[in-house]
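Participant: Please find the sequence and the predicted model below.
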Amino acid sequence: MPATNPTVRTQVAILDDYQGVALTSANWAPLQDRVDIDVFRDTLTDEDDLVRRLGKYEMICAMRERTKFPPSLLDRLPKLRFIATTGMRNLGIASAYAKEKGIIVSGTGGSGNPTLEHIWALILATVRYITVEDANVKAGIPQWQSTMPLGLAGRTSGLVGVGRLGTQTAKIAKAFDMRVIAWSPNLMPERAENAGVEYVATKETLLKESDIEDLALMKPTAFLINTSRGPLVDETALIELLEEERIAGAGLDVFDVEPLPIDHPIRKAKRVTLSPHSGYLTDTNYAAFWSQTVENISAFLDGNPRNIL
């Protein structure tokens, strides 16, 4: 691929920079004479709105799957030549179709293990009702203690699958003296043993025996924690279960629609701890994301694209 003409400045859009930190998380100086950058902090979901906003840009920097790029949108962005996404996997981008159109998609690595940290922050905040008691204290409610936290020692943590993240989650659960069981459609006993967890043969067994579970609704004394994907949990059914106290509580970091609509009923549900899909957010991870994004843009402009998805 020939290098871009250095005398022509390339138009770049940074999308969905919710916290306004993209330009301060990395050194963009190497690009200052080569590109013009516009930063957008909101998320657009309507395709016509996206076309109006993005039509002039040759490069787009995407933060995870916040803005989707299906084939229909790519067809309507004739100037687009390059998408820089954070992470080395982005299901919101039709990467194969982009390749057919000559649009290069490059990804980045990360730093640390923010999702694992967030999983346990969410679990602990949920089972100890931290957000409930925090709100009570700040609201001046006279009742000094109003909830009964769940003790983790001796309880059972159920995992759907034991990939890298599941295995690491299990190690921390054991540090709390928890029993860890696992099931998934493709999980074999040998894989469970290698991950240091107890294999159960059916989903039903997993649900009946778990006190804390990552991806599925469970028994009345159980807690649901979802940091994976919003559609894995039926939000309407979850709200009903919470309102009817048919489960003990839930901690959610992902939702069907993001950002979560202001009037969404889950915002007012009882015994639920919510975080705004921040499982991968840390200052160090963002520094890695955006530093490598700068490097990917530079490489593309030099005619040597790297980290292609």
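Facilitator: Nice, I can see it.

Participant: Poorly predicted segments of the stretch 201-309 of the chain, please.
Facilitator: Applying pLDDT under 70 to the stretch 201-309 of the chain flags the ranges 212-218.

Participant: now the helices for it?
Facilitator: In order along the chain, the stretch 201-309 of the chain carries the following helices (DSSP state H, counting those that start in this stretch): 203-209, 235-243, 283-301.

Participant: Flag every buried residue along the last one.
Facilitator: It stands for helix 283-301. Buried positions in helix 283-301, judged by neighbour count with 16 or more other Cβ atoms under 10 Å: 285-297, 299-301. C-beta coordinates here come from the backbone N, C-alpha and C atoms, glycine included.

Participant: And it, what does it pack against?
Facilitator: strand 59-62, strand 82-85, strand 104-106 (3 or more Cβ pairs under 8 Å, 6 or more residues apart in numbering; DSSP states H and E).

Participant: now those in TSV, with distance to Ala192 and mean pLDDT?
Facilitator: Formatted as TSV, those follow (distance: least, Cβ to Cβ, whole Å; pLDDT from 0 to 100):
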stretch	distance to Ala192	mean pLDDT
strand 59-62	36	98
strand 82-85	33	98
strand 104-106	35	98
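
Participant: So which of the ones you listed is nearest Leu238?
Facilitator: Closest to Leu238 of those, according to Cβ to Cβ: strand 59-62, at 28.8 Å.

Participant: hmm, who's touching whatever helix or strand comes next after that closest one?
Facilitator: Later in the chain than strand 59-62, the nearest helix or strand by DSSP states H and E is helix 71-75. Under the criterion Cβ atoms under 8 Å, 6 or more residues apart in numbering, residues 47, 50-51, 80, 94, 97-98, 101, 103 lie in contact with helix 71-75.

Participant: now swap in stretch 153-173 and tell me
Facilitator: 113, 115-116, 119-120, 152, 176-184, 186-187, 191-192, 195-197, 200, 206-207, 209-216, 218.

Participant: starting at the chain centroid, how far to it?
Facilitator: Chain-centre distance of stretch 153-173: 19 Å, with Cα atoms, centre = their mean, to the nearest Å.

Participant: any idea of the mean pLDDT in it?
Facilitator: On average, the pLDDT along stretch 153-173 is 92.

Participant: Show me which residues of that stretch are buried.
Facilitator: Judged by neighbour count (16+ other Cβ under 10 Å), stretch 153-173 contains these buried residues: 155-162, 165-170, 172-173.

Participant: same check, this time on stretch 23-39
Facilitator: Counting neighbours by 16+ other Cβ under 10 Å, the buried set in stretch 23-39 is 25-26, 28, 31, 34-35, 37.

Participant: and if you look at stretch 219-233?
Facilitator: 222-228, 230, 233.

Participant: One more: stretch 265-285?
Facilitator: Buried residues in stretch 265-285, counted by 16+ other Cβ under 10 Å: 266, 269, 271-275, 277-282, 285.

Participant: Helix or strand next in line after the one helix or strand Glu193 maps to, which one?
Facilitator: Secondary-structure assignment from DSSP H and E places Glu193 in helix 189-194. Scanning forward in sequence from helix 189-194 by DSSP H and E, the next helix or strand is strand 198-199.

Participant: for the residue nearest to Val272 when sequence neighbours are not counted, which residues make a bridge with it?
Facilitator: Distances taken as Cβ to Cβ, 6 or more residues apart in numbering put Ala250 closest to Val272, at 4.7 Å, once the chain neighbours are dropped. For Ala250, the beta-bridge partners are Leu224, Val272 (DSSP bridges).

Participant: Am I right that Ala250 is in contact with Ser275?
Facilitator: No. Under the criterion of Cβ atoms under 8 Å, Ala250 makes no contact with Ser275, lying 11.7 Å away.

Participant: and the helices and strands packed on helix 283-301 as CSV, adding mean neighbour count?
Facilitator: Shown next, in CSV, are those (neighbours: other Cβ atoms under 10 Å):
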stretch, mean neighbour count
strand 59-62, 24
strand 82-85, 25
strand 104-106, 22
